[in-house]
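Q: Okay, structure incoming, though there's no sequence with it:
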Ligand code: TEU
């Protein structure tokens, strides 16, 4: 890959993740919706993002906020129905913003007509074969078929009452009981996914974020897990529930369909740590991009960050695909809090935004990241993530990073909705963080994001497809990509910057040095380099 303009649009894009429940509410029901997104497209244009990734908006009983899909080819009325999606696609495209949707192929909602038919049809039926039904173990089959646990806590199996009124088979759900896993050995399952892919691609969407892209295929015989040592909401590479090699045939099928739409992109959610195994998903006939979560899992520590960056680059280079960078999303929480919270957490978050946007490849911003929002400590009674119930109230789940965005005004709901009864309560102290206030303040986190996104878009220095580490103290990172140098001070003492013209820093320099928890972008000074070495040329 050479010049940025010769690469596909997604190779260097800044994606903005919209969690639609929490972005903007247009109809006053306290839940965000697609017309809310339409109404804020000019804001997103002003921010300077290239594409949106919408978390699921298809028809759903919302047991896992849309990741339990009852009809993948229609939009839930809560989000405004199909017409709202058509308005969003048209209005986003009019502003040059691409739209990618979440696709959930591992499971459906238990309210999906297939699952309802499976319950009604009974054991051994063709309808049951679209899901993973098994007889139980132990006397009268009263124990689950194996020892797998749900990612959200509790057993991964639920027993059904058969049409004759007796307890009968069990069905597999790696997530909530309302999210039965599909049987990907049944060809009808792919045929239906193909319909879904084409349905949205024909309506103009520019691609898909594929949920649990390392799921779907299950090992024959569904063997027990060796040891149940996984924390909730996480799993290891050797976990039999995920990353079975048969999953790659599914991705090849998906890619063959998407290839009919040459500009469309597929982005897999790949929770696979090993670089070689991760890269298998990015082979030329599989996914275009894969989320690499190493940066999102790293502490604000120079060694950990360097390791995350090196491994992300190494994994991407195996198949020569663009790397991806993400520090926050609706599952892993907000980075301001992860980096220590308060002013320090915010300083580090701003610095890390510069690191992420200086690196080659595609970057993902989670809505509210540009406002410097932290996670919110929510009271027990408002928690909605199924993890809270399924863990027996030991794991609070992911609601704290899903609180609606503050737009304007001085009191909740801060212009998010006309109703004060928002689906999660908004903290009063977010009065200082509204879009309205931050747009007026040139020093705000929002103004800072606008500035760095503008530089990334406009300056030719951001064209690198590799990085070189430059000498730095152990507790700092300095790297060069294209004609850009990025320095991050993750230590405790001011850092002397390398030669170059300062483009921007995430906080003011002190006596010409980079303070702790701060990053800077510099451009290479070609005049001084050429004086030393007349044959030197800019590197791409
Ligand atoms: O997440 C899949 C997944 O494996 C996560 O549960 C992950 O292990 C964990 O969140 C890491 O912290 C996807 C969606 O992103 C998530 O929101 C859904 O709940 C889940 O799939 C089920 O569809």
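A: The structure has been received and is ready for your questions. Here the structure is a predicted model, which means the values were calculated and not measured.
Q: Could you use CA atoms for every contact and neighbour count after this?
A: Noted.
Q: Got the domain ranges for this structure?
A: Following the TED database, the chain resolves into domains at 14-107+187-448, 113-172, 467-530.
Q: Quickly list what the nearest residue to residue 469 once chain neighbours are set aside is bridged to.
A: Leaving out its chain neighbours, the residue that sits closest to residue 469 by C-alpha to C-alpha, 6 or more residues apart in numbering is residue 479, at 4.3 Å. Following DSSP bridges, residue 479 is listed with bridge partners residue 469, residue 486.
Q: okay, now residue 479: neighbour count?
A: 20 (other C-alpha atoms under 10 Å).
Q: so residue 341 sits right up against residue 374, yeah?
A: Yes: assessed by C-alpha atoms under 8 Å, residue 341 is found in contact with residue 374 at 7.0 Å.
Q: if you count what's nearby, which of those two comes out ahead?
A: Neighbour count, other C-alpha under 10 Å: between residue 341 and residue 374, residue 374 has more, with 25 against 18.
Q: so where does the more buried one fall, helix or strand?
A: Counting by DSSP states H and E, there is no helix or strand that carries residue 374.
Q: any idea of the pLDDT on it?
A: Here, the pLDDT recorded for residue 374 equals 98.
Q: right, and the domains of the chain - which one's nearest the ligand?
A: For the domains of the chain, the distance to the ligand is smallest for domain 14-107+187-448, at 4.1 Å, taking C-alpha to the nearest ligand atom.
Q: Point out where this structure drops to low pLDDT.
A: Residues of the chain meeting the criterion pLDDT under 70: 1-2, 228-230, 526-540.
Q: For the spatially most central residue of it, give me phi and psi.
A: A centroid search over the chain (C-alpha atoms, centre = their mean) returns residue 329, at 5.0 Å, as the residue closest to the centre. Recorded main-chain torsions at residue 329 are phi -160, psi -170, according to degrees, to the nearest 10.
Q: Is it in contact with residue 374, as I believe?
A: No: using C-alpha under 8 Å, residue 329 is not in contact with residue 374; the gap is 12.0 Å.
Q: Now for the two: what residues contact both?
A: Between them, residue 329 and residue 374 share these contacting residues under C-alpha atoms under 8 Å, 6 or more residues apart in numbering: residue 401.
Q: quick one: secondary structure of residue 69?
A: State at residue 69, reduced to three classes by DSSP: H, G, I helix; E, B strand; the rest coil: coil.
Q: Enumerate the residues of the chain near the ligand.
A: Contact residues, the chain versus the ligand (C-alpha under 6 Å from any ligand atom): 64, 67, 175, 211, 212, 233, 234, 331, 332.
Q: 5 Å instead, please
A: Counting by C-alpha under 5 Å from any ligand atom, the residues of the chain close to the ligand are 67, 212, 233, 234, 331, 332.
Q: Okay, helices next: where are they in the stretch 201-350 of the chain?
A: With DSSP state H, counting those that start in this stretch as the criterion, the stretch 201-350 of the chain has helices at 247-258, 275-279, 294-297, 302-318, 335-338, 342-358.
Q: May I ask which of the residues of the chain next to the ligand has the most neighbours?
A: Result: residue 67 is most packed of the residues of the chain next to the ligand (other C-alpha under 10 Å), 28 neighbours.
Q: Any figure for the gap between that one and residue 19?
A: 12 Å (C-alpha to C-alpha, to the nearest Å).
Q: swap in residue 514?
A: In this view, residue 514 and residue 19 are 34 Å apart by C-alpha to C-alpha.
Q: ok, the two, which is more surrounded?
A: Neighbours of residue 514 and residue 19, each counted by other C-alpha under 10 Å, are more numerous for residue 19; the result is 26 against 23.
Q: what's the farthest-apart pair in the residues of the chain next to the ligand?
A: 67 and 234 (16.9 Å; C-alpha to C-alpha).
Q: Which residues does stretch 19-35 contact?
A: Stretch 19-35 is contacted by residues 36-37, 39-40, 54-57, 78-80, 84-85, 87-88, 330, 367, 402-405, 416-423 when judged by C-alpha under 8 Å, 6+ apart.
Q: Would you show me how to pick out the buried ones of the residues you listed in PyMOL?
A: In PyMOL, a selection of the buried entries from the contacts of stretch 19-35 looks like this (16 or more other C-alpha atoms under 10 Å):
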select buried, resi 36+37+54+55+56+57+78+79+80+84+85+88+330+367+402+403+404+405+416+417+418+419+420+422+423
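Q: Inside helices: which ones of the contacts of stretch 19-35?
A: Counting by DSSP state H, the contacts of stretch 19-35 place 36, 37, 39, 84, 85, 87, 88 in helices.
Q: can you pull out the strands in the stretch 1-150 of the chain?
A: Taking DSSP state E, counting those that start in this stretch, the strands of the stretch 1-150 of the chain run over residues 14-18, 51-54, 58-59, 71-75, 98-103, 133-134.
Q: Residue 111 against residue 62, yeah?
A: No: if you go by C-alpha under 8 Å, residue 111 and residue 62 don't touch, sitting 10.4 Å apart.
Q: Can you list the buried residues in stretch 234-244?
A: Along stretch 234-244, these residues count as buried under the neighbour rule (16+ other C-alpha under 10 Å): 235, 239, 240, 241, 242, 243, 244.
Q: which residues touch the fourth one?
A: Which is residue 241. Taking C-alpha under 8 Å, 6+ apart as the test, what residue 241 contacts is 148, 174, 215, 218, 219.
Q: Wait, the fourth one touches residue 240, no?
A: Looking back up the chat, that one is residue 218. Yes: Residue 218 is in contact with residue 240 according to C-alpha under 8 Å; the separation is 7.5 Å.
Q: what about residue 428, how many residues close to it?
A: By other C-alpha under 10 Å, the residues close to residue 428 number 13.
Q: can you list the residues of the chain next to the ligand in TSV and add distance to residue 116?
A: Formatted as TSV, the residues of the chain next to the ligand follow (distance: C-alpha to C-alpha, whole Å):
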residue	distance to residue 116
67	17
212	23
233	27
234	29
331	29
332	32
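Q: Identify those among the residues you listed that sit within strands.
A: Using DSSP state E to define strands, no part of the residues of the chain next to the ligand is located there.
Q: just those residues now: which is nearest residue 277?
A: residue 212 (14.9 Å).
Q: Surely that closest one and residue 106 touch.
A: Yes: at 6.7 Å, residue 212 counts as touching residue 106 under the criterion of C-alpha under 8 Å.
Q: excluding its backbone neighbours, what's nearest residue 141?
A: Distances taken as C-alpha to C-alpha, 6+ apart place residue 135 nearest to residue 141, at 6.1 Å, with adjacent residues excluded.
Q: do you know how far the one you found is from residue 221?
A: Distance, residue 135 to residue 221, by C-alpha to C-alpha: 12 Å.
Q: neighbour-wise, which of the two wins?
A: residue 135 (17 against 7).
Q: dump the residue contacts of that one.
A: 141, 144, 145, 168, 169, 170.
Q: what about the third one, how many neighbours?
A: What it means is residue 145. 24.
Q: How about it, nearest residue that isn't a chain neighbour?
A: Using C-alpha to C-alpha, 6+ apart and skipping residues adjacent in sequence, the residue nearest residue 145 is residue 136, 4.6 Å away.
Q: what's the spacing between stretch 379-399 and its chain's center?
A: Offset of stretch 379-399 from its chain centre (C-alpha atoms, centre = their mean, to the nearest Å): 21 Å.
Q: And stretch 233-247, by the same measure?
A: Put simply, stretch 233-247 sits 18 Å off its chain's centre (C-alpha atoms, centre = their mean).
Q: now swap in stretch 54-65 and tell me
A: Using C-alpha atoms, centre = their mean, the offset of stretch 54-65 from its chain centre is 15 Å.
Q: now do the same end-to-end measure for that stretch.
A: Distance across stretch 54-65, first residue to last, is 12 Å (C-alpha to C-alpha).
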